[in-house]
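Need coordinates for the below:
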Amino acid sequence: MGKKNQTDNKKRIRKLPKLRLRYRLLLYFFTAVFVVLATVRAALQCFSETIAVVFYALAAVFLTAGCYYLVRDIRHGIKEIIKPKVTANPYTNRLVKDYRFRTVISAVPGLAGNIIFAVFNGVIGIISHSAWFGSLAAYYILLSMMRIGAVKQEREISKIPQDDERMRREISRIYHLCGGFLRL
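Take a look at the predicted model:
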């Protein structure tokens, strides 16, 4: 009986009608206007209470509808415009589809950030004779070593067939090594 109620509830949900672009832009414009007016009223107390209630109500209504249509527009843009362009390019397609490749690529900016923080904290620690900044520099150096090790191991693991037991052991070993570094 529970599944029938769920399907009945799904059928009852009504969606807002599709709007043409000019009406959606008009909706976004009025949303911005009434949100700004309500914010000005709240900050400066420059309108009467009656006008303030009208501004707040209109801001709430327009903001709710505006958010709904904005989410629809963003979803449409992702599905119809961005996704085909991403899948058409072999590099971005691999970046989207291959989790391990994406992980390695995203580790590079983090590694650069860790090295910058390590150098910055090391220099500040030396200049100010601070053990705190020295320990932060050591921490960021350890994080950098972990990232370099993980990326290096990923390159070696990528040569192993996906469903091989050896791959699982190697990945487990990497996790244990990184955990050991963090325990230091």
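
tell me the pLDDT at the most centrally placed residue in the chain?
Centroid-nearest residue in the chain, with C-alpha atoms, centre = their mean: residue 106, separated by 12.7 Å. At residue 106, the predicted lDDT confidence score is 83.

cool, residue 162 as well?
Residue 162 carries a pLDDT value of 66.

Now do whichever strand or helix holds residue 72: distance to the chain's middle.
Secondary structure assigned from DSSP states H and E places residue 72 in helix 49-76. Remark: helix 49-76 is offset 24 Å from the chain centroid, using C-alpha atoms, centre = their mean, to the nearest Å.

Which other helices and strands does that helix contact?
Helices and strands touching helix 49-76, by 3 or more C-beta pairs under 8 Å, 6 or more residues apart in numbering; DSSP states H and E, are helix 21-44. Yep, even glycine has a C-beta here, placed from its N, CA and C like the rest.

Compute the inter-axis angle for the helix it packs on and helix 49-76.
The directions of helix 21-44 and helix 49-76 differ by 140 degrees, with axes from the mean of the first three to the mean of the last three C-alpha atoms, to 10 degrees as the criterion.

Can you list the buried residues in helix 21-44?
Applying a neighbour-count criterion of 16 or more other C-beta atoms under 10 Å, one finds 24, 27, 28, 30, 31, 34, 35, 37, 38, 41 buried in helix 21-44.

for these, which one is nearest residue 151?
Of all these, residue 151 sits closest to residue 28, with 43.4 Å by C-beta to C-beta.

how far is the helix or strand where residue 108 lies from where the chain is centred?
Per DSSP H and E: residue 108 is located in helix 99-128. Relative to the chain's own centre, helix 99-128 is displaced by 20 Å; criterion: C-alpha atoms, centre = their mean.

Can you pull the poorly scored residue ranges out of this structure?
1-13, 162-164, 184 (pLDDT under 70).

And it, split by domain according to the record?
Following automatic domain parsing, one gets these domains for the chain: 15-90, 98-183.

Helix or strand next in line after the helix holding residue 108, which one?
helix 131-157.

Give me the helices and strands touching that following helix, please.
Judged by 3+ C-beta pairs under 8 Å, 6+ apart, the packing partners of helix 131-157 are helix 99-128, helix 165-183.

List the buried residues in the longest one.
Which is helix 99-128. Residues of helix 99-128 classed as buried: 104, 107, 111, 114, 115, 117, 118, 121, 122, 125 (neighbour count, 16+ other C-beta under 10 Å).
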